[in-house]
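Participant: what's the 3D shape of this:
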Amino acid sequence: MSSSPHRRFARTLAGLGAIAVLVSAVVSPPDPYTQLVYATPLLLLALLLSVLRSYTDALEAFERDRHQ
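Facilitator: Here you go, the predicted structure:
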């Protein structure tokens, strides 16, 4: 079953976003501002990876090159 790129983007961003927030909560002090400072770059990385996974074949090309 093939899903649309938009649906794949939303699922990937939700998953990676949740992981980013959890990681920032674990590694930062319990101050909300510091958690936001830690989470922002991780959320931007999650957004970039979601776009790459959903709308380009960059990650598939990386996997192909790695196995050759």
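
Participant: how about the strands in the protein?
Facilitator: For the chain, no strands are identified by DSSP state E.

Participant: can you map out the helices along it?
Facilitator: With DSSP state H as the criterion, the chain has helices at 5-27, 32-55, 58-67.

Participant: can you put the ones you listed in CSV and add mean pLDDT?
Facilitator: CSV is the format used below for these (pLDDT from 0 to 100):
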stretch, mean pLDDT
helix 5-27, 94
helix 32-55, 93
helix 58-67, 74
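
Participant: would a markdown table of the ones you listed with mean neighbour count be doable?
Facilitator: No exception for glycine: its C-beta is placed from N, CA and C like everyone else's. Converted to a markdown table, those look like this (neighbours: other CB atoms under 10 Å):
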| stretch | mean neighbour count |
| --- | --- |
| helix 5-27 | 14 |
| helix 32-55 | 15 |
| helix 58-67 | 10 |
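
Participant: residue nearest the centroid of this structure?
Facilitator: For the chain, the residue nearest the mean C-alpha position is residue 46 (2.3 Å; CA atoms, centre = their mean).

Participant: pretty sure that residue contacts residue 20?
Facilitator: Yes: judged on CB atoms under 8 Å, residue 46 makes contact with residue 20 at a distance of 5.1 Å.

Participant: Kindly point out which residues are neighbours of both of the two.
Facilitator: Common neighbours of residue 46 and residue 20, counting by CB atoms under 8 Å, 6 or more residues apart in numbering, are absent.

Participant: Distance check, the residue lying closest to the residue nearest to the centre of the chain once chain neighbours are set aside against residue 53.
Facilitator: Nearest residue to residue 46, sequence neighbours excluded (CB to CB, 6 or more residues apart in numbering): residue 16, at 3.5 Å. Using CB to CB, to the nearest Å, residue 16 is found at 9 Å from residue 53.

Participant: Let me know the distance separating residue 10 from residue 37.
Facilitator: Taken as CB to CB, the span from residue 10 to residue 37 is 26 Å.
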